[in-house]
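Peer 1: 3D, please:
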Amino acid sequence: MKDRDAEHLTRLLADVNAGRDGAYDALAAAVHADLRAMAQRRLVREFGQNLGGVTIQPTVLADDTFMRLIRQRQKYDSRGHFFAIASQEMRRVLLDYCRRRKADKRGGRQVLVSLSPDHPEADKSSEVDFEALDAALRRLAEFDARKADVVKYRVLWGLTVAETCDALALGHATVERDWAFAKAWLAKELAGGSS
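Peer 2: The predicted structure follows:
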């Protein structure tokens, strides 16, 4: 995002925080493309390039996420804070979608997520159940919120290490260390080990 765009978004968030008329509409227009791109990446990572059998579209996922943000009427400190909250809400929308899909009378399938976001197709051994990952991420956040955020950006949003560094305003080495620790912690946690 260009500095000018970041400044514009900061002003829009201030307008939302102040409750100005039309602020949410302007914010929606400013962030929709980013939310949709993140939704598209997440869906492709989770369901494959062709999105076989998936009935939720990236635009719907982005719109549902934004609607939840509006209902919260939360104040946002910065662009990073806004997208961190959006990340949580998008995860909840996807979790609700996965639950509905599993409950489907036709026998919905278990939704798997790869803990190898750079090579999800190549490493099937790192796939975990989406609902189990969500529960483990909540436990990790209680222990170390920053590491949980790194996992969310890498696994759920599909960001690269460099993009995660930018989004969280962290150094490359810090993100790499947090990612390595969190990945090992989650593998142990999801295998039923004690943390």
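
Peer 1: From E189, how far out is A169?
Peer 2: 27 Å (Cβ to Cβ, to the nearest Å). Quick note: C-beta positions are derived from backbone N, CA and C, even for glycine.

Peer 1: more neighbours, the two?
Peer 2: Neighbours were counted for A169 and for E189 using other Cβ atoms under 10 Å; E189 has more, 21 against 8.

Peer 1: List the buried residues in the helix or strand harbouring F83.
Peer 2: Assigned by DSSP states H and E, F83 belongs to helix 79-103. By neighbour count on 16 or more other Cβ atoms under 10 Å, the buried set for helix 79-103 is 79, 82-91, 93-95, 97-98, 101.

Peer 1: got a list of contacts for that helix?
Peer 2: If you take Cβ atoms under 8 Å, 6 or more residues apart in numbering as the criterion, helix 79-103 is touched by 1, 6, 9-10, 13, 31, 34-35, 38-39, 42, 46, 56, 61-62, 64-66, 68-69, 72, 74, 76, 108-111, 130-131, 134, 137, 149, 152-153, 156-157, 167-169.

Peer 1: Tell me which of these fall in strands.
Peer 2: Judged by DSSP state E, strands contain none of these.

Peer 1: Domain parsing of this structure, as residue ranges.
Peer 2: The record assigns the chain these domain ranges, following automatic domain parsing: 1-104, 110-195.

Peer 1: Mean pLDDT for the ones you listed - can I get that in a markdown table?
Peer 2: Below are those laid out as a markdown table (pLDDT from 0 to 100):
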| stretch | mean pLDDT |
| --- | --- |
| domain 1-104 | 79 |
| domain 110-195 | 78 |
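
Peer 1: can you give me the helices in the chain?
Peer 2: 3-18, 23-47, 58-72, 79-103, 130-143, 145-151, 161-168, 172-190 (DSSP state H).

Peer 1: Go through these and name the closest to L115.
Peer 2: Across the helices of the chain, L115 has its closest neighbour in helix 172-190 (5.7 Å, Cβ to Cβ).

Peer 1: in that closest one, what's buried?
Peer 2: Buried, per 16+ other Cβ under 10 Å, within helix 172-190: 175, 178-179, 182-183, 185-186, 189.

Peer 1: now the helices of the chain as JSON lines including distance to L115?
Peer 2: Putting the helices of the chain into JSON lines (distance: least, Cβ to Cβ, whole Å) gives the following:
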{"stretch": "helix 3-18", "distance to L115": "30"}
{"stretch": "helix 23-47", "distance to L115": "11"}
{"stretch": "helix 58-72", "distance to L115": "21"}
{"stretch": "helix 79-103", "distance to L115": "15"}
{"stretch": "helix 130-143", "distance to L115": "8"}
{"stretch": "helix 145-151", "distance to L115": "8"}
{"stretch": "helix 161-168", "distance to L115": "14"}
{"stretch": "helix 172-190", "distance to L115": "6"}
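
Peer 1: Lovely, talk soon.
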